[in-house]
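> I'll drop the sequence and a predicted model, then ask my questions.
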Amino acid sequence: MLHKTEGIVLSTFPYSDTYSITQLFTRDFGRVSYLLPRSKSRKSKLNASLFAPLTLLWLEVEHKPLRDLQRIRDATRQFPQYDINSHMTKISLTFFLSELLTRLLHESDHNELLFDYLKNSVETLEATEKGVANFHLAFMLGLTRFMGIYPNMEGAGRNHFFDLMNGEFTRHVPLHTHYLNREQSAYLQLLQRMHYGNMHLFRLSRSQRNLIVDSLLGYFRLHTYDFPPLKSLDVLRELG
């Protein structure tokens with residue numbers, strides 16, 4: 001049966017001599033793996049250039065129950081994404097965020113609010129001119145809301161340590177090793193005030209951003225299933 005929906009490209013990789021597999025997060029079906037013909041023809045409706053990471057697509061797809069790999073009949077860009085594919089900082093962010101989402105989102109996930117958040121985030125990244133280096137920080141904390149693991153910020157400011165396992169601030173060092181120290185906890189308190197509209201106002205060094213990213217990745221790792229190290233993290237660490 002054919003369906004029309006929207007999708008965000010998470011990743012694409014070779015499957016055989018004639019096909020690739022592209023993983024998309026769609027509005028109507030959540031994360032889905034699609035079989036993609038590896039055609040080099042410019043006339044093909046499914047040109048490989050459409051399936052770069054974080055590309056927003058209008059889709060016509062074929063879905064059959066119990067089939068692991070679904071099929072795409074037609075795909076078109078929702079809008080040109082020039083900066084995401086040419087601005088070096090945005091390119092680094094795109095590869096990091098697409099790998100992050102590939103690891104976090106599972107095929108059972110179907111969440112239209114999450115889709116809208118991701119779509120708005122991609123549109124914002126394309127349009128943003130100031131504060132781009134902080135974009136992933138605001139994105140990652142915002143993402144926790146839609147995954148049901150947003151940290152409990154009550155007590156932030158009065159308490160000094162953030163308990164990663166229980167997702168809350170505490171006055172005393174927890175009786176386990178999964179917590180943020182005073183410096184790391186202070187950055188999490190700072191981060192709760194950051195959003196896409198004001199992220200350009202936060203002056204953070206490269207080392208401070210990396211510390212925040214490591215803290216958030218540690219939090220994701222504790223609260224999500226099967227979350228391995230990210231290969232794109234080394235490139236992200238070089239952002240100024």
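Looks like it arrived, so ask away.
> use CA for all of it now, contacts and neighbours both
OK.
> got a list of what Ala187 touches?
Residue 187: Tyr, not Ala. By CA atoms under 8 Å, 6 or more residues apart in numbering, the contact list for Tyr187 reads Ile212.
> Show me what counts as buried in the host helix or strand of it.
Here Tyr187, judged by DSSP states H and E, is contained in helix 182-191. In terms of neighbour count (16 or more other CA atoms under 10 Å), helix 182-191 has its buried residues at 184-189, 191.
> same thing with stretch 17-35?
For stretch 17-35, by 16+ other CA under 10 Å, it's 20-27, 29-35.
> can you give me the offset of that stretch from its chain's centre?
In terms of CA atoms, centre = their mean, to the nearest Å, the centre of stretch 17-35 is found 16 Å from the chain centre.
> Do you know the pLDDT at Gly240?
On the pLDDT scale, Gly240 is placed at 61.
> ah, wrong one, I meant Lys40
Confidence score, pLDDT, at Lys40: 63.
> Now do Pro151 against Phe115, distance only.
21 Å (CA to CA, to the nearest Å).
> could the buried residues of helix 182-191 go into TSV alongside distance to His87 and pLDDT?
Formatted as TSV, these follow (distance: CA to CA, whole Å; pLDDT from 0 to 100):
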residue	distance to His87	pLDDT
Gln184	30	90
Ser185	32	91
Ala186	31	90
Tyr187	27	90
Leu188	28	90
Gln189	30	89
Leu191	25	92
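> ok so, going back, how distant is the helix holding Tyr187 from the center of its chain?
22 Å.
> what do you get for stretch 95-106?
Worked out by CA atoms, centre = their mean, stretch 95-106 lies 5 Å from the chain centre.
> Show the pLDDT at the closest residue to Leu164 other than its chain neighbours.
Closest residue to Leu164 apart from its sequence neighbours, by CA to CA, 6 or more residues apart in numbering: Tyr179 at 4.9 Å. Looking at Tyr179, its pLDDT reads 94.
> what packs against the longest strand anywhere in the chain?
In terms of residue count, the longest strand belonging to the chain (DSSP state E) is strand 2-14. Judged by 3 or more CA pairs under 8 Å, 6 or more residues apart in numbering; DSSP states H and E, strand 2-14 is in contact with strand 19-26, strand 56-62, helix 88-104.
> Need the winner for burial among the ones you listed.
Using mean count of other CA atoms under 10 Å, the stretch among those with the largest mean neighbour count is strand 19-26, at a mean of 23.
> just the helices in this protein please.
Under the criterion DSSP state H, the chain contains helices at 88-104, 112-127, 135-146, 182-191, 206-223, 233-236.
> Looking at these, which is nearest to Gly157?
When the helices of the chain are ranked by proximity to Gly157, the top entry is helix 182-191, at 7.3 Å, counting by CA to CA.
> which stretches of the protein have low pLDDT?
For the chain, the stretches with pLDDT under 70 are 40-44, 108-109, 240.
> quick one on the thing from earlier: quick check: angle from the longest strand of the chain to helix 112-127?
Strand 2-14 and helix 112-127 are oriented at 60 degrees to each other (axes from the mean of the first three to the mean of the last three CA atoms, to 10 degrees).
> hang on, isn't His106 packed against Ser33?
No. Applying CA atoms under 8 Å as the test, His106 and Ser33 come out as separate, 10.6 Å apart.
> and Phe13, what are its bridge partners?
Phe13 has these beta-bridge partners by DSSP bridges: Ile21.
> Near Trp212, how many other residues are there?
If you look again at residue 212, you'll see it is Ile, not Trp. Neighbours of Ile212 under the rule other CA atoms under 10 Å: 18.
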